[in-house]
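Chemist: below is the sequence, then the predicted model.
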Amino acid sequence: MAFSSSQPPYLSPVIPFSGKIQGGLQDGLKITVNGTVLYCNGTRFAVNFHSGYSDNDIAFHFNPRFEEGGYVVCNTKQNGCWGPEERKMHMPFQIGNPFELCFLVDSWDFKVMVNGNHFMQYSHRVPFHRVDTLSITGAVQLSYIGFQSTGIWPVNSAPVTQTVIHTVQSTPGQLFPNPITPPMVYPTTTYPMPFFTSILGGLYPSKNIFVSGTILPTAQRFHINLRSGSDIAFHLNPRFDENVVVRNTQINSSWGSEERSLSRKMPFARGQSFSVLITCEGYGFKVAVDGQHLLEYCHRLKNLPAINNLEVGGDVQLTHVQT
């Protein structure tokens, strides 16, 4: 089977954001944006697909506006001039809540999904292959921008591990600029549960693990485990029946002491999308949820390279995994 390379994601990019789409837009490319709408007066945000970094040519302007009950404006700008607006008089985003926004490019239009549900289509007014830049502005905090080539993997296929060697220059907000240790990319929208995969090379300081998905409406619990053989070096366990996020380590089939306290409220919610970024440091793990720091956890297993497996299980549906 032939595979098409997807570029590495941008993790926790700073707003305003502008970044290259490697190879430009292509038929079947899916771009996923995870973030949270912020509270502020006159709340708006915009996702723009450009030709180059100039804002004179915007192939697709996607602009949720929260005034007047909320609506979404779509448009195209050519040679500095806007065309006729298309308005969708429905607001699928909620201020203060995380969201997952997906753009699927095909020959005729952009298909837009919000939190897993089809929202709208926008017909191409200019050739989409001219687009090579994505920008996002406004009242949002971003946790993830991912790129995935769809249509070449069967819908019901299991995830396929693909190695991508990165030779791009390091830019703000872009993960994995170092070509030495490539990440493992899972280019599919269907993940088996529970999900297991290896972490190439094990853990080391500055290593990132990224998991995103949607929590089931009736969820009780789910877990993300970083494993070393039969031991669990780090167990991250949101529990909705207890409204707590439990952390622990299991060695020789015995659990250690639980850690439960948080500096802020429970960041996960039933029926909502989520993103978790786990960063390994020399002293322990740092965990961010939906782009905001949540907690730290000191290493109890010190042999970091031996921590080389990821496990996700429980009441969630996964959308992206990056190790």
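Modeler: Yep, it's here.
Chemist: all contacts plus neighbour counts: C-alpha atoms, from now on.
Modeler: Noted.
Chemist: list the contacts of the nearest residue to Q220 once chain neighbours are set aside.
Modeler: Of all residues not flanking Q220 in the chain, F240 sits nearest, at 5.0 Å (C-alpha to C-alpha, 6 or more residues apart in numbering). Going by C-alpha atoms under 8 Å, 6 or more residues apart in numbering, F240 touches 219-221, 269-270.
Chemist: dihedrals phi and psi, L304?
Modeler: phi -60, psi -40 (degrees, to the nearest 10).
Chemist: and A306, by the same measure?
Modeler: phi -80, psi -10.
Chemist: how close does it get to Q121?
Modeler: 47 Å (C-alpha to C-alpha, to the nearest Å).
Chemist: most distant residue from the centre of this structure?
Modeler: N252 (33.7 Å; C-alpha atoms, centre = their mean).
Chemist: contact partners for it?
Modeler: 230-231.
Chemist: for it, give me the pLDDT.
Modeler: For N252, the pLDDT comes out at 95.
Chemist: one more: A46?
Modeler: Looking at A46, the pLDDT reads 97.
Chemist: surely it touches F66?
Modeler: No. Assessed by C-alpha atoms under 8 Å, A46 is found out of contact with F66, at 11.9 Å.
Chemist: show me how far stretch 106-122 is from its chain's centre.
Modeler: Counting by C-alpha atoms, centre = their mean, to the nearest Å, stretch 106-122 is centred 18 Å from the centre of its parent chain.
Chemist: what average pLDDT does that stretch get?
Modeler: Mean pLDDT, stretch 106-122: 91.
Chemist: send me it as CSV with only the CA atoms.
Modeler: Output of stretch 106-122 as CSV, limited to C-alpha atoms (Å, rounded to 0.1, in the frame of the first residue of the first chain):
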residue,chain,number,x,y,z
ASP,A,106,-11.7,17.9,-1.9
SER,A,107,-11.9,18.8,-5.6
TRP,A,108,-15.0,20.9,-5.2
ASP,A,109,-15.0,22.4,-1.7
PHE,A,110,-13.9,22.5,1.9
LYS,A,111,-15.9,20.3,4.1
VAL,A,112,-16.0,21.6,7.7
MET,A,113,-16.7,19.5,10.8
VAL,A,114,-17.0,20.8,14.4
ASN,A,115,-16.6,18.4,17.3
GLY,A,116,-17.1,15.4,15.0
ASN,A,117,-20.3,16.7,13.3
HIS,A,118,-20.6,18.0,9.8
PHE,A,119,-21.1,21.8,9.9
MET,A,120,-20.9,23.2,6.4
GLN,A,121,-19.3,23.1,2.9
TYR,A,122,-17.6,26.0,1.1
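Chemist: buried residues in it?
Modeler: With burial defined by 16 or more other C-alpha atoms under 10 Å, the residues of stretch 106-122 counted as buried are 106, 109-115, 119, 121-122.
Chemist: quick check: bridge partners of W255?
Modeler: Assessed by DSSP bridges, W255 has beta-bridge partners Q250.
Chemist: and it, how far is that from N248?
Modeler: W255 is 7 Å from N248, by C-alpha to C-alpha.
Chemist: looking at those two, which is more packed in?
Modeler: Remark: of W255 and N248, N248 carries more neighbours, 19 against 13, as counted by other C-alpha atoms under 10 Å.
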